[in-house]
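**Q** Structure for this input, please:
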Amino acid sequence: MRFACEAVGLDFTTRARWCFEHVVELDAAPEAVFALFADGESWPRWFPGIRHVVWTSPEPKGVGTTRTVTLDSVTVYEHFLAWDPGRRFAFRFEAADRPLFRAGLEDYVLEPLPGGRTRFRYLVFLEPSWLVRLVGPLARAAFDRSFGAGAAGLRAHLARDRQA
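**A** Now for the predicted structure:
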């Protein structure tokens, strides 16, 4: 069963009930990081809890592209709002197979650093469902841990690749 989410735009960042931010510095250029984001097969290797990513739109990928992401606990159907190679990757949640949120948006911002490195700002904006709000702080902490693990996993994955 699919639970539809509100079709939000990038302006949702100003009105989301819950906001999460994780910032890490990465040992790779922004273009290389973006290439990992665009590669659905790479996600399970660096983002804990992601089982698989399936692109559901034809090439080329860009604004309007859709994909399905299956995690350990939920499957999310996504619609891309920003696709700026080497700079920004953002999508909204179209639906999920569990009633966890009324709306959601993830924004991946890449900033070049000296030495071919990248500052990655991982921003997540959620309007949780009433069910999730019932367990408020516990749910919020669980979401925050998951997003933080994704950012840390990306950093560790790129550090391993650099050493190999």
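**Q** Show me the shaky parts of this structure.
**A** Residues of the chain meeting the criterion pLDDT under 70: 164.
**Q** try it again with 50
**A** Scanning the chain with the threshold set as pLDDT under 50 gives no residue ranges.
**Q** which stretches of it form strands?
**A** In the chain, strands defined by DSSP state E lie at 3-4, 18-26, 50-55, 66-71, 75-84, 88-96, 101-113, 117-128, listed in chain order.
**Q** okay if I get those strands as CSV plus mean neighbour count and distance to Q163?
**A** C-beta: built from backbone N, CA, C; applies to glycine. Formatted as CSV, these follow (neighbours: other CB atoms under 10 Å; distance: least, CB to CB, whole Å):
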stretch, mean neighbour count, distance to Q163
strand 3-4, 14, 42
strand 18-26, 16, 14
strand 50-55, 14, 23
strand 66-71, 18, 28
strand 75-84, 18, 29
strand 88-96, 21, 25
strand 101-113, 20, 19
strand 117-128, 20, 15
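**Q** ok, V24 - contacts?
**A** 119-120, 122, 151-152, 154-155 (CB atoms under 8 Å, 6 or more residues apart in numbering).
**Q** brain fart, L81
**A** 9-10, 63, 90-92, 105.
**Q** Including distance to L71, could these go into a markdown table?
**A** Listed next are these as a markdown table, based on distance: CB to CB, whole Å:
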| residue | distance to L71 |
| --- | --- |
| G9 | 24 |
| L10 | 23 |
| V63 | 24 |
| A90 | 19 |
| F91 | 15 |
| R92 | 17 |
| L105 | 17 |
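**Q** coming back round to it: next, format the strands of the chain as a markdown table and append distance to V135.
**A** Listed next are the strands of the chain as a markdown table, based on distance: least, CB to CB, whole Å:
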| stretch | distance to V135 |
| --- | --- |
| strand 3-4 | 17 |
| strand 18-26 | 13 |
| strand 50-55 | 23 |
| strand 66-71 | 18 |
| strand 75-84 | 19 |
| strand 88-96 | 17 |
| strand 101-113 | 13 |
| strand 117-128 | 9 |
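**Q** Alright, calling it a day.
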